[in-house]
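Novice: Sequence and predicted structure are below.
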Amino acid sequence: MTYYGSKELAASFRTVRNNTIKIAEEIPEDKYDFRPSPESRSVAQTLVHIAASLKLAKQIHFIEKRTTLVGLDFFGLMGGIIAEEQKPRNKTEILDLLKSSGDEFAGLLETCTEESLGQTIQYPEGMVPATKSRFEMLLGPKEHEMHHRGQLMLVQRLIGITPHLTRQMQERIAAMAAAQKN
């Protein structure tokens, strides 16, 4: 019996994506070109990268249904994702892209069977580990998004915004402190 399957995977991905969308909504559009350093992605590019990078997992797990990454045109797929990041988009278009790509990917996650999640995927020779389960690989897009969301939360601080998750925690702590005084 599995306690964490496709429904839980999709739900946890939706939670992460909703938090990313909240950050994207809170950053003013005039700050979407902000870069923390010259070689960094802009806010807009980071958000599009988050949305577009799901194409890699979609291709591997849902279109080709690969059991090996040997022969995968990783650089070709990544080239398409990088090209997406460079396309000019306004805030509304980026929010729509985040919502639609997130909804699509979460829907795909829900279709996974316990058997497919347990499949072993072979990595190219020399990579460590040599294999991973499909389940472990499908956790990757969520982990990738959380990595970039952490960057965006730092950007929020740099432009004078307290991230919503921090504000929520501060409100809970204040409520607990007030309750303790009573």
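Specialist: Yep, that arrived.
Novice: Phi first, then psi, for residue 127.
Specialist: Note on residue 127: its backbone torsions stand at phi -80, psi 150 [degrees, to the nearest 10].
Novice: I meant to write residue 124 there.
Specialist: Per-residue torsions, residue 124: phi -60, psi 150 (degrees, to the nearest 10).
Novice: any idea how far it lies from residue 77?
Specialist: 14 Å (CB to CB, to the nearest Å). All C-beta spots, glycine's among them, are computed from the backbone N, C-alpha and C.
Novice: Between those two, which is the more surrounded one?
Specialist: residue 77 (16 against 12; other CB atoms under 10 Å).
Novice: wait, the more buried one sits on residue 56?
Specialist: Yes: between residue 77 and residue 56 there is a contact under CB atoms under 8 Å: 5.3 Å.
Novice: quick one, helices of this protein?
Specialist: Taking DSSP state H as the test, the helices found in the chain are 6-26, 43-52, 54-57, 74-86, 91-110, 114-118, 134-158, 164-181.
Novice: Just give me how far the shortest one sits from the chain centre.
Specialist: Just to be clear, that refers to helix 54-57. 10 Å (CA atoms, centre = their mean, to the nearest Å).
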